[in-house]
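Peer 1: sequence isn't available, so here's the structure alone:
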């Protein structure tokens, strides 16, 4: 098939490499001429351009831009494409994207590949990034079945396990296991920073080791990513934070009351529950 | 020197191996005959017994029992030892131990080796457990300087870096970087467990990956250890939790107000602050 990719970063670039290895013809678009050159040199795409017009040939287009660029991208594509062209995206939140894109382009299905690396950008692209991972698709009642079937077949051919759910279910689940950990973890660093006794703070900084390192890892990540989570998944993130705060209050009460049996039971329950998530 | 070790678990057993390798004569005591046999077989100690009386010969005794057994152990030792015998412990909280032991045995200095493994018990003992790690000693105005000098020399000979601070400073620092992470992390699991929508919960359990795994690792640990932290370091843990909750409330307000610039600044500050702890 002739496939388009808009945004040639880690995900878009890796998708290009993977799709080429499955004998698709890949048309790439990036905002930057330099990225287009690199994409051609590295064999990520057959053609690359800063111009959207070549994408008129594509049967399916993967929008791999940052979330805030998805809607403007669809608006730019509208006058160029025929209505048969299928659009899909790879944004890590789904409801706000599906809700705003669908009225503009009905032949659309939202997607979220559950993969990544610590690195970003085209230089980090790798052909095996999708192999063995899960790929979420979020069809709605309005999604054309042909769009779902076609995108499913393409991403399955990259050795992914395709899962489907509603956009809202997706956003609530990632709020719990992906977005909430970032805010919980960041707040731990923020709390430690508040220490007013310089001797205690210095000692804490000296003694912090693997427990602190692991618990604060995601909270020490890219601030823009954290803002994106809160901004585009606000309702689900707020609900998760509210539930978290209630659980924290319960824990603090149990410690205040010195109810050690209850505390041991609570910690035993979370110890047992963790394995059901991993 | 003739040295005693009471409690032959991971720390006590490893201490025996390390001290023997420095040519000390090591007398071990365990509650369990089986552990004594194992300690002799594995060359952890020269002598091992369930009976405290042989420890009368020891010049310095390391109490390596669980925290709640430290005070009863000192009470058992009192009638046996001469006042010249130096006592020290390896408990992970210091103020409550130093405050209760010192009136019973003035020739005492509190200690906390900053080491460990995921395994527990004598089977996990290893001679290199202390090498290259920090060893905190918490002398007070009442601590005899000879006790401090002697214990410092012994633990330094195991390739540790000895640091000293007051018991209260120690407890406040570990509340921040060791105990608070456990409760923050455990509460994250507790919050995820609360999800009432079965589809969301199932999807969350399926999708949880490295971010969730790292952030919840210490919260999924031994419940007894968490209870010990809250019970014996209650004041400092409560203060840390209170500061944490204030920071969480600030974050939730900023998200509620959609003040994305402020959120990005906060996440940028925690990103920068993390490296000062690691």
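Peer 2: Structure's in. What do you need? These figures come from a predicted structure and were not determined experimentally. Residues are numbered from 1 along each chain as shown, chains lettered A, B, ... in the order given.

Peer 1: give me the pLDDT for residue A:153.
Peer 2: For residue A:153, the pLDDT comes out at 98.

Peer 1: and it, what does it touch?
Peer 2: Contacts for residue A:153 were tallied using CB atoms under 8 Å, 6 or more residues apart in numbering or on different chains; there are none. Every C-beta, even on glycine, is put in place using the N, C-alpha and C of the backbone.

Peer 1: wait, a helix at it?
Peer 2: Yes: applying DSSP: H, G, I helix; E, B strand; the rest coil, one finds residue A:153 inside a helix.

Peer 1: from the stretch 1-150 of chain A, which residue is nearest to chain B?
Peer 2: Nearest residue of the stretch 1-150 of chain A to chain B (CB to the nearest CB) works out as residue A:114 at 6.0 Å.

Peer 1: what about residue A:208, how many residues nearby?
Peer 2: Close neighbours of residue A:208, defined as other CB atoms under 10 Å in any protein chain shown, add up to 22.

Peer 1: which SS class is residue A:140?
Peer 2: Classification of residue A:140 using three-state DSSP returns coil.

Peer 1: circling back: so what's the backbone phi/psi at the residue of the stretch 1-150 of chain A closest to chain B?
Peer 2: phi -90, psi 70 (degrees, to the nearest 10).

Peer 1: do the same with residue A:164
Peer 2: Main-chain torsions, residue A:164, degrees, to the nearest 10: phi -120, psi 150.

Peer 1: got it, and residue A:178?
Peer 2: Per-residue torsions, residue A:178: phi -120, psi -40 (degrees, to the nearest 10).

Peer 1: what is the neighbour count of it?
Peer 2: By the measure other CB under 10 Å, the count of residues near residue A:178 is 21.

Peer 1: again with residue A:198
Peer 2: Residue A:198: 8 neighbours (other CB under 10 Å).

Peer 1: look at it and report its pLDDT.
Peer 2: 97.

Peer 1: and if you look at residue A:278?
Peer 2: Value for residue A:278, per-residue pLDDT: 88.

Peer 1: longest single helix anywhere in chain A?
Peer 2: Identified as the longest helix of chain A according to DSSP state H is helix A:234-256.

Peer 1: so is residue A:65 in a helix, a strand, or just coil?
Peer 2: When classified by three-state DSSP, residue A:65 comes out as coil.

Peer 1: and for the longest helix of chain A, what's in contact with it?
Peer 2: A:168, A:171-172, A:174-176, A:179-180, A:183-184, A:229-230, A:262-263, A:266, B:183, B:186-188, B:190-191, B:194-195, B:230, B:234, B:237-238, B:241-242, B:244-245, B:248-249, B:251-252, B:255-256, B:258.

Peer 1: got a quick PyMOL command for the buried subset of the residues you listed?
Peer 2: The following PyMOL line selects those of the contacts of helix A:234-256 that are buried, judged by 16 or more other CB atoms under 10 Å in any protein chain shown:
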select buried, (chain A and resi 168+171+172+174+175+176+179+180+183+184+229+230+262+263+266) or (chain B and resi 183+186+187+188+190+191+195+230+234+237+241+244+245+248+251+252+255)
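
Peer 1: helices along the stretch 151-278 of chain A, start to end?
Peer 2: A:167-174, A:180-193, A:198-207, A:210-216, A:223-232, A:234-256, A:260-274 (DSSP state H, counting those that start in this stretch).

Peer 1: doesn't residue B:163 make contact with residue A:206?
Peer 2: Yes: using CB atoms under 8 Å, residue A:206 is in contact with residue B:163, at 7.3 Å.

Peer 1: overlap in contacts of these two?
Peer 2: By CB under 8 Å, 6+ apart, the residues touching both residue A:206 and residue B:163 are residue B:134.

Peer 1: just to revisit the earlier point, what's the closest non-adjacent residue to the residue of the stretch 1-150 of chain A closest to chain B?
Peer 2: The shortest distance from residue A:114 to any non-neighbouring residue, by CB to CB, 6 or more residues apart in numbering or on different chains, is to residue A:134 (4.4 Å).

Peer 1: and that neighbour, how many neighbours?
Peer 2: Number of residues near residue A:134 (other CB under 10 Å) recorded here: 16.

Peer 1: what residues does it make contact with?
Peer 2: So residue A:134 contacts A:113, A:114, A:160, A:161, A:162, A:163, B:206, B:207 (CB under 8 Å, 6+ apart).

Peer 1: excluding its backbone neighbours, what's nearest residue A:211?
Peer 2: residue B:218 is the one closest to residue A:211 (CB to CB, 6+ apart), at 4.6 Å.

Peer 1: list the contacts of the one you found.
Peer 2: Contacts of residue B:218 (CB under 8 Å, 6+ apart): A:211, A:214, A:215, B:181, B:182, B:185, B:186.

Peer 1: the first one contacts residue B:180, doesn't it?
Peer 2: What it means is residue A:211. No: if you go by CB under 8 Å, residue A:211 and residue B:180 don't touch, sitting 9.9 Å apart.

Peer 1: got the domain boundaries for chain A?
Peer 2: A:2-165, A:169-274 (automatic domain parsing).

Peer 1: how long is the shortest one end to end?
Peer 2: Going back to what we said before, that points to domain A:169-274. 21 Å (CA to CA, to the nearest Å).

Peer 1: how about stretch A:20-33?
Peer 2: 21 Å.
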